[in-house]
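Colleague: Fold the following for me, if possible:
(one chain, ligands or ions: 1)
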Amino acid sequence: MMTNGAERRIAFVTGAGSGLGRATATAFAARGYATVLADRDAASGRQVEAALRQAGGEALFVSCDVADDASVRAALAETEAAYGRLDAVFNAAGIDGEHGRMTADCTLENWNRVLSVDLTGMFHCLRHQIPLMLKSGGGSIVNCASVAGIRGAPSFAAYTAAKHGVVGLTRAAALEYARQDIRVNAICPGTIDTPMNQQLDPVLLKSLLDSSPAGRLGRPEEIAATVLWLCDAGAAFVSGQAIAVDGAWTAR
Ligand SMILES: NC(=O)c1ccc[n+]([C@@H]2O[C@H](COP(=O)([O-])OP(=O)(O)OC[C@H]3O[C@@H](n4cnc5c(N)ncnc54)[C@H](O)[C@@H]3O)[C@@H](O)[C@H]2O)c1
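Modeller: Purely as a prediction, here's the structure:
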């Protein structure tokens, strides 16, 4: 169940200041959701808030570091105070960490940082989002994994482990809350044209492009469209899935 039709639907997006989070928050707002923009980068989060408001949307920036449980709790408390309910979530905040090193050379610092944001951060989000969603009668949560959540990504051991963990966490939560009308899915993007990849080593980026069956990077709006569908009534029987949006990359 998503809404009783009388109340405005509320979306909560982490990592909303950039890339996939930003594109999806923009799509939620355009669809009429009041959209909470959670990011640890206040400057970019506020910029998105201003852009969505200027376009006539209802948007609220909340400062939030997903690696910090208290910060996530406070962001959801702000959401409840402002809107009183929660219908749709896209948990997009994430980092890819260092690359170019094999597993034995992955530093503990990198391992801990990537796991704390990408996996433990996801757990913090779910543990504070689910209670608010239960109060408002259910909803849809989409967790951003990656194709590295269903395939190995050499030289990204921590990222691969964290994103596989996101898929597992998604499946467990989907099973637990299915009778309470909370659907939980993971989206697994291929290589998408966002600021995260604009910092990638050009040689690595070229090899990613060369291995793309579609011969191109994905666009953030293509991820947003899938998330919006997963939050619609049309996806009411879709839960516990890891859905690749990758131009056939994982079909190999
Ligand atoms: N771009 C891709 O090709 C791609 C592919 C697969 C998966 N992903 C995943 O998609 C998600 C978004 O990636 P993107 O490409 O949009 O990246 P991005 O770097 O453009 O945006 C990430 C956003 O998350 C925020 N963020 C980072 N750490 C945070 C934290 N601890 N707390 C709160 N906010 C934080 C950043 O401030 C930024 O606004 C990530 O989880 C990433 O792993 C991206």
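Colleague: C-alpha from now on. contacts and neighbour counts both.
Modeller: OK.
Colleague: Do any residues in the helix or strand harbouring R127 lie close to the ligand?
Modeller: Taking DSSP states H and E as the definition, R127 sits inside helix 121-135. No: Helix 121-135 lies out of reach of the ligand by C-alpha under 6 Å from any ligand atom, never closer than 7.0 Å.
Colleague: name the helices or strands packed onto that helix?
Modeller: helix 69-83 (3 or more C-alpha pairs under 8 Å, 6 or more residues apart in numbering; DSSP states H and E).
Colleague: try it again with 6 Å
Modeller: Using 3 or more C-alpha pairs under 6 Å, 6 or more residues apart in numbering; DSSP states H and E, no helix or strand is in contact with helix 121-135.
Colleague: what's the offset of it from the middle of its chain?
Modeller: Its chain's C-alpha centre and that of helix 121-135 lie 13 Å apart, by C-alpha atoms, centre = their mean, to the nearest Å.
Colleague: Which positions in the stretch 1-150 of the chain make contact with the ligand?
Modeller: Counting by C-alpha under 6 Å from any ligand atom, the stretch 1-150 of the chain sits next to the ligand at 15-21, 39-41, 64-67, 92-96, 117, 144-146.
Colleague: returning to what we had before: now do whatever helix or strand comes next after the helix holding R127 against helix 121-135, angle only.
Modeller: Of the helices and strands lying after helix 121-135 in sequence (DSSP H and E), the nearest is strand 139-144. In terms of direction (axes from the mean of the first three to the mean of the last three C-alpha atoms, to 10 degrees), strand 139-144 departs from helix 121-135 by 170 degrees.
Colleague: Near G215, how many other residues are there?
Modeller: Counted with other C-alpha atoms under 10 Å, the neighbours of G215 add up to 11.
Colleague: The strand ranked longest in the chain - contacts with which helices or strands?
Modeller: The longest strand of the chain (DSSP state E) is strand 182-189. Applying 3+ C-alpha pairs under 6 Å, 6+ apart, one finds that strand 182-189 contacts strand 139-144, helix 157-177, strand 242-245.
Colleague: how about TSV for those, with mean pLDDT, distance to Q47 and mean neighbour count added?
Modeller: What follows is these, written out as TSV (pLDDT from 0 to 100; distance: least, C-alpha to C-alpha, whole Å; neighbours: other C-alpha atoms under 10 Å):
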stretch	mean pLDDT	distance to Q47	mean neighbour count
strand 139-144	99	22	29
helix 157-177	98	28	22
strand 242-245	98	27	22
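Colleague: In this protein, where is pLDDT below threshold?
Modeller: Within the chain, the segments meeting pLDDT under 70 span 1-6.
Colleague: Let's check: the centremost residue of it is which one?
Modeller: Most central in the chain under C-alpha atoms, centre = their mean is A92, positioned 2.3 Å from the mean C-alpha point.
Colleague: check which helix or strand covers A214.
Modeller: Applying DSSP H and E, one finds A214 in no helix or strand.
Colleague: Excluding chain neighbours, what is closest to it?
Modeller: Nearest-residue entry for A214: G247, 5.5 Å, with adjacent residues in sequence omitted and distances by C-alpha to C-alpha, 6 or more residues apart in numbering.
Colleague: ok, so what distance separates that neighbour from P213?
Modeller: Look at G247 and P213: by C-alpha to C-alpha, to the nearest Å, they are 7 Å apart.
Colleague: V184 now?
Modeller: 28 Å.
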